[in-house]
Structure formats: structure tokens, C-alpha cells
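1. What follows is a predicted protein model with its sequence.
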Amino acid sequence: MLDYLIIVPFWVIGSAVVGAVAEYRGRHGSGWLVFSPVLSPLIGIFTLLVFPSRNVDDRALEAAIKRSRLDVDCTQEAVEDIPTTEPDG
């Protein structure tokens with residue numbers, strides 16, 4: 001009986017954490033909240049972390065980083081053409 005008093009609260013809190021993380025990552029938090037206690041909160045969180053984030057902000061940031069890397073011209077000729085200023089004094 002004492003085991004249930006220890007296990008059940010951790011199971012419920014773990015399932016709530018899985019639902020919150022799912023919501024943060026752009027997934028359906030309520031669905032993950034239902035899925036998690038059926039199997040295990042640990043299985044739920046590991047499964048959730050395997051899937052890529054569907055958060056729009058994360059995808060937009062990744063796309064912007066990718067675009068910025070493609071726009072940078074790092075050839076030797078481009079580096080030599082950069083104007084330099086000499087310090088006064």
C-alpha cells in the first residue's frame with residue numbers, strides 16, 4: 001500500500017511534465033498527457049524527445065541560420081576585398 005503512495009504521485013507528475021514538454025515542442029500536450037501514463041512517463045519523454053520539434057519559432061530560427069550561412073562568401077578573393085582601416089595615431 002505504501003508503494004502506491006510513492007509511485008502514483010511521481011507517475012502523475014511525470015505525465016504532466018511530458019504533456020508540458022510536448023506542448024512546448026509544438027505537439028499536442030493533451031494527447032501526450034493521455035499517452036504517457038498508459039505506458040510510462042519515461043517512455044513518453046524518450047519518445048517525445050526522439051521526434052523533432054514542431055515549434056514554429058525553432059524552425060524559423062534554423063532556417064534563418066541556414067540562410068545566413070549560405071549568404072556568407074568566405075572565398076579568399078572576398079576576404080582580400082574587405083577594406084581595412086588603419087588606426088590613427
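-> Sure, I can see it. Numbers count the residues shown, from 1 in each chain.
2. Can you tell me the SS state at I7?
-> helix (DSSP: H, G, I helix; E, B strand; the rest coil).
3. ah, wrong one, I meant R27
-> coil.
4. Excluding chain neighbours, give the residue nearest to it in space.
-> R54 (6.1 Å; C-beta to C-beta, 6 or more residues apart in numbering). Where you see a C-beta, it was placed from the backbone N, CA and C, and this is true even at glycine.
5. does that neighbour sit in a helix, a strand or a coil?
-> coil.
6. Who are the contact partners of it?
-> R25, G26, R27 (C-beta atoms under 8 Å, 6 or more residues apart in numbering).
7. Now do the nearest residue to the second one once chain neighbours are set aside against P41, distance only.
-> Spatially, and ignoring its direct neighbours in sequence, G26 is nearest to R54 (3.3 Å; C-beta to C-beta, 6+ apart). To P41, R54 is 21 Å away according to C-beta to C-beta, to the nearest Å.
8. Helices of this structure, start to end?
-> Under the criterion DSSP state H, the chain carries helices at the ranges 2-24, 29-39, 41-50, 56-71, 76-80.
9. Any stretches of the protein with poor pLDDT?
-> 1-2, 55-65, 67-89 (pLDDT under 70).
10. okay, now the residue nearest to F35 when sequence neighbours are not counted: neighbour count?
-> Closest residue to F35 apart from its sequence neighbours, by C-beta to C-beta, 6+ apart: G44 at 6.0 Å. G44 has 24 neighbouring residues, counting by other C-beta atoms under 10 Å.
11. was I right about G44 contacting V34?
-> No - under the criterion of C-beta atoms under 8 Å, G44 makes no contact with V34, lying 10.0 Å away.
12. mind listing what's buried in stretch 23-40?
-> Residues R25, G26, R27, G29, W32, L33, F35, S36, P37 are the ones in stretch 23-40 that count as buried (16 or more other C-beta atoms under 10 Å).
13. wait, what's in contact with the last one?
-> So that's P37. Counted by C-beta under 8 Å, 6+ apart, P37 has contacts W11, V12, S15.
14. Out of those, which end up buried?
-> S15.
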